[in-house]
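Colleague: Can you look at this prediction? I've put the sequence above it.
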Amino acid sequence: MLLVIDSANVEEIKELIDYYPIDGVTTNPSIIVKEKLDFFPLLKEISEIIGNERELFVQTLTFKAEDIIKEAKYIRETVPGNVVVKIPVTNEGIKAIKTLKEIGIRTLGTTVYTPLQAYVAAKAGASYVAPYVNRIDNLTGNGVNVVKEITQLLEKHHYNCQVLAASFKNIQQVHNVCLDGAHGVTAAPDIIKGFLTHPATEANVQSFSDDWQKAYGEKSVVN
Ligand code: E4P
């Protein structure tokens, strides 16, 4: 199951890669503009940090299929590494995904709110689809259930397309999509760090250390 960072902040990406088993980085235009840096130099820096063994997901900005295709090719030529192009699942986006599949450019169908959007993107040749859990919840839908239905649909019909669940505002949403079979999650750094946060774990670690120190002082097991 993939664990992906949803951020373009270089320091946060470096820190998370150092500590966690990270498979890639997703960006979108809103995430990029927060950094107030030039688009391609920033993406190149992220690509260098994560290396070829991880995937970097970069989103297109245009609306018409011909422009999306041009942009996708340019992104792939300009950004080194293992780049997957994120394309919104509009009519034009699906048209672009079909063409990009034919010429061997890997894509992720993004802004997914329904199982049928995911189905069309997978059938058009997307390698991933990204359902937006929290944004679905905010529309009084059930984001976790949409992820579950998409996963069932794609697996039942043997599409070679992974469900990378996205848009999380809390750990409970991540917990639920993991249990329901999503192939991966992409989450902001603070959400990923929250996976390991538990007061009982911290208290246990402290009490083990206190017991040890009472008996042996600062002595370590390593000479
Ligand atoms: C990831 O691919 C999406 O762009 C992202 O998860 C959207 O998240 P948000 O709803 O927190 O902006």
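Modeller: Arrived safely, thanks for sending. Numbering: from 1, shown residues only.
Colleague: which residues in this protein form strands?
Modeller: Ranges of strands in the chain, per DSSP state E, are 2-6, 24-26, 55-59, 82-88, 107-112, 128-131, 162-165, 184-187.
Colleague: what packs against the shortest one?
Modeller: Using 3 or more C-beta pairs under 8 Å, 6 or more residues apart in numbering; DSSP states H and E, the elements in contact with strand 24-26 are strand 2-6, helix 39-50, strand 55-59, strand 82-88. For glycine as for every other residue, the C-beta is placed from the backbone atoms N, C-alpha and C.
Colleague: so what strands line up beside the first one?
Modeller: Strand 2-6 has the following sheet partners, assigned by DSSP bridges: strand 24-26 (parallel), strand 184-187 (parallel).
Colleague: Looking at these, which is nearest to the ligand?
Modeller: strand 24-26 (4.2 Å; C-beta to the nearest ligand atom).
Colleague: Distance from the chain centre to the closest one, please.
Modeller: 5 Å (C-alpha atoms, centre = their mean, to the nearest Å).
Colleague: contact partners of it?
Modeller: For strand 24-26, contacts defined as C-beta atoms under 8 Å, 6 or more residues apart in numbering pick out 2, 4-8, 13, 46, 50, 54-57, 82, 84, 86, 108, 130, 164, 166, 186.
Colleague: in it, what counts as buried?
Modeller: The neighbour-count check on strand 24-26 (16 or more other C-beta atoms under 10 Å) flags 24-26 as buried.
Colleague: try stretch 55-74
Modeller: Of all the residues in stretch 55-74, those buried under the rule 16+ other C-beta under 10 Å are 55-60, 62, 65, 68-69, 71-72.
Colleague: Please list which of those also come close to the ligand.
Modeller: Among the buried residues of stretch 55-74, no residue is within reach of the ligand (C-beta under 6 Å from any ligand atom).
Colleague: Mind checking the pLDDT average for stretch 140-150?
Modeller: For stretch 140-150, mean pLDDT is 98.
Colleague: What parts of this protein come near the ligand?
Modeller: 6, 26, 28, 110, 130, 132, 134-135, 166-167, 186.
Colleague: Any chance of a markdown table for those residues, columns pLDDT and distance to Q173?
Modeller: Output for those, formatted as a markdown table (pLDDT from 0 to 100; distance: C-beta to C-beta, whole Å):
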| residue | pLDDT | distance to Q173 |
| --- | --- | --- |
| D6 | 98 | 13 |
| T26 | 98 | 16 |
| N28 | 97 | 18 |
| T110 | 98 | 17 |
| A130 | 98 | 14 |
| Y132 | 98 | 11 |
| N134 | 98 | 6 |
| R135 | 98 | 11 |
| A166 | 98 | 10 |
| S167 | 98 | 9 |
| T186 | 98 | 12 |
